[in-house]
Each structure stands twice: as structure tokens, then as C-alpha cells.
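# Just the structure for this:
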Amino acid sequence: MSIAKIGIITVSDRCHKGVYEDISGKAIINTLNDYLISEWEKIYTIVPDEQKDIEKTIINLVDNEKCCLVVTTGGTGPAKRDVTPEATEAVCDRMMPGFGELMRAESLKFVPTAILSRQTAGLRKNSLIINLPGKPKSIRECLDAVFPAVPYCIDLMDGPYLVCNEEIIIPFRPKNK
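Sure thing, here's the model as predicted:
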């Protein structure tokens, strides 16, 4: 069984310049550590809110590092500097709109401003890229909603088999008939 490589990108001018601690990227890592019992390797980076930098980083994680999953945090709101969805769409072969729809629906249970979030997901080569919001609480809520579909999506792209801690998260995989 191959070790899954997972890219984690924090999009933030403040964290990139070392002004703030990156609690959002750590929230993704902690959540994935809770979910996954199969071995995985994190490739973690912080980039500024610049579309070209985000695009370059996603491309590197997929094309060179061979990550089966890339998870971003930050840059999904309506502010002018929030360009993560645009960067993701620019480098993806196909988009997976259901991920963003489900994350917003889940977030609406907690805050009415969830409609302002522009999370999305897409596929590049054999990798799934998911954009998450920047707040750690929202990261966990969104991942709890969409992660059950992630292992099967990666299976369908001939990626590594992700084994989950089913006391925390139950992945959906169709039963063989």
C-alpha cells in the first residue's frame, strides 16, 4: 500500500509574512490526523493571496510532489484579495461543484454569512483539490461534511487507498455486488 501524499496550503498574506501563526493549516493537519489511520505524508506550505502563487503551488503539489489530495484554507471570501477559487479553477481539468455546495449548506447551519463563501473543488490529473474557508471551526465542519466522499474519489482516480478511523469519519465506498 502506497503512502498518500496530501498537500496543505494556507493562503494568507499575514501568515506568509510571519505576522500570525497559521492555525488554519494546523486545523487541517489535525483533522486529517483524526480521520486517517492509513499512513500519509503532509506537504505543507503557506503562500500569499496572489493568484499566480496559489496556482504555482497547486501545480507543484500535484505535478511534481504527486499529492493525491490538496486542501487549501483561506482566500474563499468576497474580498478583492480572496482569489483561491479562481486559482483552483485555472489549474483544474474539471470542477467538482458538489463539494462547494455541500460545504456551504453545512456552514449555513451555523452562520447566515456562509453564502459569502466561495469554496470549490476540482480535479487536476489524478488529484482532488478542495478549497476550505479560513476559520478552524469552519474547516472541521466543512471537512466533516465532504470527507466521506474523498477516499472513493481518490480510488476512482487510481490513487492510494485511504483508510479512515470509522469512529471519527465513515467513508462511503459502494458495496461490490
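
# doesn't Arg14 make contact with Gly74?
No. Assessed by Cβ atoms under 8 Å, Gly74 is found out of contact with Arg14, at 9.7 Å. C-betas here are computed from N, CA, C, even on glycine.

# the more surrounded of the two?
Taking other Cβ atoms under 10 Å, Gly74 and Arg14 do not tie; Gly74 has more neighbours (28 against 14).

# Now for Arg14: which residues touch it?
Residues in contact with Arg14 (Cβ atoms under 8 Å, 6 or more residues apart in numbering) are Tyr20.

# Now do the buried residues in the helix or strand where it lies.
Counting by DSSP states H and E, the element that carries Arg14 is helix 13-16. Residues of helix 13-16 classed as buried: 13, 15-16 (neighbour count, 16 or more other Cβ atoms under 10 Å).

# Are we agreed that Glu41 is in a strand?
Yes. Assessed by DSSP: H, G, I helix; E, B strand; the rest coil, Glu41 belongs to a strand.

# so it makes contact with Ile8?
No. With contacts counted by Cβ under 8 Å, Glu41 stays clear of Ile8, the gap being 10.9 Å.

# Which one's more surrounded, the two?
Counted by other Cβ under 10 Å, Glu41 and Ile8 do not tie: Ile8 has more neighbours, with 25 against 11.

# export the helix or strand of the chain with the lowest mean pLDDT as PDB, just CAs?
When the helices and strands of the chain are compared on mean pLDDT, DSSP states H and E, helix 13-16 comes out lowest with a mean of 79. Taking Å, rounded to 0.1, in the frame of the first residue of the first chain, the C-alpha atoms of helix 13-16 are listed here in PDB:
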ATOM      1  CA  ASP A  13      -0.600  37.500   3.400                       C
ATOM      2  CA  ARG A  14      -0.300  37.800   7.200                       C
ATOM      3  CA  CYS A  15       0.900  34.200   7.800                       C
ATOM      4  CA  HIS A  16       3.200  34.300   4.800                       C
END
